[in-house]
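*Asks:* Kindly generate the corresponding structure for this input.
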Amino acid sequence: MKLIYNIYAVPMLEYVGSLLKDKDKVIMVHGNADADAVGSAYAISECFPNAVIYAPEGVDRVAKIIMDKLGIQVMDECDISQYGLVVVVDTSSPEQLSPEINKIPNGSIVIDHHRPTGKWDNMTFVCDDSKVSCCELVYDIICTSGTDIDKNVGMALLCGMLTDSGHFSFANTQMIRAFADIMEITGIGMDEAMNFPRSEVGMSERIAVMKGMERTKFDRVGDMIVATSYGGSFEASVCKALLNAGADVVFVGSQRDERFRLSARADQDMIRRGIHLGDIMKNIGLETVSDGGGHGGAAGLSGTGDVEAMLHICMQRTMAEFREIRKRSDLS
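*Replies:* From the prediction side, this is the model:
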């Protein structure tokens, strides 16, 4: 297990827990925040009171479902300078928060599970990129602080783990252990957890997926297919549909004025063969003055530019990765 902490392991978690207990705080989540981000923020706000949650760029559909069911309050406007402590969760770089957020104060707490980008200098940075979800790391902090969790907090944490693991498709043993611990502590049944973040797919999402399928471009090397598409919303749903249609790696983008946002997904077999979308997106971000990163099977890229040009770069970079994989296979 790879641990990346300012102070090693348990002492760091205890230290962060003590900081969270002391001050009034604002907990920030990345743009279009998902269930893992919102679940992490909610668990901290409930277990370490005197906290508000701030989502400067809104939340996604599944996170909204969980918020409605649990009664989670999230602000879309906030003056972070009015709080004694700023906490950032599930966010690999400041650029993922909002273009309007100019500076996070030095000494703020950052809790994350993505590969470090080196952009959180001068922060209390707690990161374990072996975690499938940020909710697992938050749960560790709660446990080391000696704080109990109730059923609502437990459900929020489980939903974050479920969604970030693709409903266990990308789970590892440590996530499954944490998931089982929370179920046992809170009395939540597996059927409750699995059904909680679900709802009927709305017409706007269905149309967005159909349009995304219509705009798809793809290429292949041997038995490996990469596909790209673009639209205005529901990028993650379009990614899922393209993977289900037979693609192995998918990039889906959206354009809002001069800014673009890309979501990337890969199936588990491609990860085992050497694809790491977080690395691909991070490297493209560095080369194009954008902000990219993530996990092996799920990553994102955002910045200023043309979404179709960025999708073309992603396609070409993935094709190069495919050729390397085939070359290694031919040599073995």
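*Asks:* how about stretch 44-54: buried residues?
*Replies:* Neighbour-count burial for stretch 44-54, with 16 or more other Cβ atoms under 10 Å as criterion, is recorded at Ile44, Ser45, Glu46, Cys47, Phe48, Ala51, Val52, Ile53, Tyr54. (Glycine included, C-beta is placed from N, CA and C.)
*Asks:* Nearest residue to the second one in space, please, no chain neighbours.
*Replies:* In space, and not counting its chain neighbours, Ser45 is closest to Ala51: 4.0 Å by Cβ to Cβ, 6 or more residues apart in numbering.
*Asks:* same deal with the fourth one?
*Replies:* Leaving out its chain neighbours, the residue that sits closest to Cys47 by Cβ to Cβ, 6+ apart is Thr147, at 4.5 Å.
*Asks:* I'd like to know how far the one you found sits from Phe48.
*Replies:* 7 Å (Cβ to Cβ, to the nearest Å).
*Asks:* residues shared between the contacts of these two?
*Replies:* Each of Gly17 lies in contact with both Thr147 and Phe48 under the rule Cβ atoms under 8 Å, 6 or more residues apart in numbering.
*Asks:* quick one: low-confidence ranges for the stretch 1-150 of the chain?
*Replies:* 1-9, 100, 102 (pLDDT under 70).
*Asks:* Surely Ser93 touches Asp291?
*Replies:* Yes: using Cβ atoms under 8 Å, Ser93 is in contact with Asp291, at 5.3 Å.
*Asks:* Quick check: Gly300 vs Gly278, distance?
*Replies:* The gap separating Gly300 from Gly278 is 9 Å, by Cβ to Cβ.
*Asks:* out of these two, which sits in the busier spot?
*Replies:* Regarding Gly300 and Gly278, a neighbour count based on other Cβ atoms under 10 Å identifies Gly300 as having more, with 26 against 22.
*Asks:* Quick one: residues contacting Asp164.
*Replies:* By Cβ under 8 Å, 6+ apart, the contact list for Asp164 reads Asp34, Ala35, Asp36, Val132, Ser133, Cys134, Cys135, Phe170, Ala298.
*Asks:* Helix or strand: which one has the closest residue to Phe234 other than its chain neighbours?
*Replies:* Leaving aside its sequence neighbours, Phe234 sits nearest to Ala208 (Cβ to Cβ, 6+ apart; 4.1 Å). Ala208 is part of helix 203-214, with elements assigned from DSSP states H and E.
*Asks:* For the chain, which segments are assigned as helices?
*Replies:* Under the criterion DSSP state H, the chain contains helices at 9-22, 35-47, 61-70, 134-144, 151-164, 173-186, 190-195, 203-214, 235-245, 268-272, 277-288, 307-331.
*Asks:* and the longest one, which residues are buried?
*Replies:* Using 16+ other Cβ under 10 Å as the test for burial, helix 307-331 gives Val307, Met310, Leu311, Ile313, Cys314, Met315, Arg317, Thr318, Met319, Glu321, Phe322, Ile325.
*Asks:* tell me the mean pLDDT over it?
*Replies:* In this model, helix 307-331 carries a mean pLDDT of 95.
*Asks:* Could you count how many residues lie near Gly154?
*Replies:* Gly154: 21 surrounding residues under other Cβ under 10 Å.
*Asks:* residue contacts, it?
*Replies:* Ile182, Met183, Ile185, Thr186, Ile188.
*Asks:* Which of the residues you listed sits closest to Gly202?
*Replies:* Ile188 (26.5 Å; Cβ to Cβ).
*Asks:* Just want the phi and psi numbers for that closest one.
*Replies:* Main-chain torsions, Ile188, degrees, to the nearest 10: phi -80, psi 130.
*Asks:* Can you give me the pLDDT of it?
*Replies:* For Ile188, pLDDT reads 97.
*Asks:* swap in the one 3 residues further on?
*Replies:* We have a pLDDT of 96 for Asp191.
*Asks:* rewinding a little: now what about the helix holding Ala208, what contacts it?
*Replies:* For helix 203-214, the surrounding residues in contact (Cβ under 8 Å, 6+ apart) are 61, 229-234, 237-238, 241-242, 245, 252.
*Asks:* who wins for neighbours among those?
*Replies:* Among the contacts of helix 203-214, Val252 has the most neighbours (other Cβ under 10 Å), with 31 neighbours.
*Asks:* Looking at strand pairing, list the partners for that residue.
*Replies:* Val252 has these beta-bridge partners by DSSP bridges: Ser229, Ser263.
*Asks:* How about the contacts made by it?
*Replies:* Contact analysis of Val252 by Cβ under 8 Å, 6+ apart lists 212, 228-231, 235-236, 238-239, 242, 262-264.
*Asks:* How much space separates it from Asp223?
*Replies:* Taking Cβ to Cβ, one finds Val252 at 22 Å from Asp223.
*Asks:* Give me the spatial nearest neighbour of Gly107, chain neighbours excluded.
*Replies:* The shortest distance from Gly107 to any non-neighbouring residue, by Cβ to Cβ, 6+ apart, is to Thr124 (6.5 Å).
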